[in-house]
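Engineer: Sequence plus predicted model, see below.
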Amino acid sequence: MKAKDIKNLTTSQMKSKEASFKKDLFNLRFQLATGQLQNTAKLKQVRHNIARIKTVLRQKQLESAK
């Protein structure tokens, strides 16, 4: 998911996407611990998506504070 796509979402949509990605991250970590994870790069992608969403949420928060 690109930052441009995230910026087009509403705040509630971003928060739901973040929750979804966090759930995915938990499942991926569980698969990694049990040796079932095939694509370890997926962990990095999910973490980056969470960071992108948090960054855009913070930017919107700062804009609204002005």
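Structural biologist: Arrived safely.
Engineer: Tell me the pLDDT of residue 1.
Structural biologist: Listed pLDDT for residue 1 reads 83.
Engineer: can you pull the contacts of the residue sitting nearest the centre point of the chain?
Structural biologist: Relative to the mean C-alpha position of the chain, the nearest C-alpha, by CA atoms, centre = their mean, is the one of residue 50, at 2.2 Å. Contacts for residue 50 were tallied using CB atoms under 8 Å, 6 or more residues apart in numbering; they are 18, 21-22, 25. Where C-beta positions appear, they are placed from N, C-alpha and C, glycine not excepted.
Engineer: Can you tell me which of these are classed as buried?
Structural biologist: With neighbours counted by 16 or more other CB atoms under 10 Å, these contain buried members at 18, 21, 25.
Engineer: Distance-wise, check residue 19 relative to residue 53.
Structural biologist: In this structure, residue 19 and residue 53 are 10 Å apart, going by CB to CB, to the nearest Å.
Engineer: got it, and residue 32?
Structural biologist: Remark: distance between residue 32 and residue 53 (CB to CB) = 22 Å.
Engineer: Neighbour count: the two, which is higher?
Structural biologist: Each of residue 32 and residue 53 has its neighbours counted (other CB atoms under 10 Å); residue 53 has more, 23 against 13.
Engineer: Skip the chain neighbours and tell me the closest residue to that one.
Structural biologist: If the residues on either side of it in the chain are set aside, residue 53 comes closest to residue 18, at 4.7 Å by CB to CB, 6 or more residues apart in numbering.
Engineer: Quick one: residues contacting the one you found.
Structural biologist: 50, 53-54, 57.
Engineer: Now the host helix or strand of it: buried residues?
Structural biologist: Counting by DSSP states H and E, the element that carries residue 18 is helix 11-34. Judged by neighbour count using 16+ other CB under 10 Å, the buried positions of helix 11-34 are 14, 17-18, 21, 24-25, 28, 31.
Engineer: Looking at the residues you listed, which one is closest to residue 2?
Structural biologist: For the buried residues of helix 11-34, the residue nearest residue 2 by CB to CB is residue 17; the value is 12.6 Å.
Engineer: Make sure that closest one is actually in contact with residue 9.
Structural biologist: Yes. Under the contact definition of CB atoms under 8 Å, residue 17 touches residue 9, with a separation of 6.9 Å.
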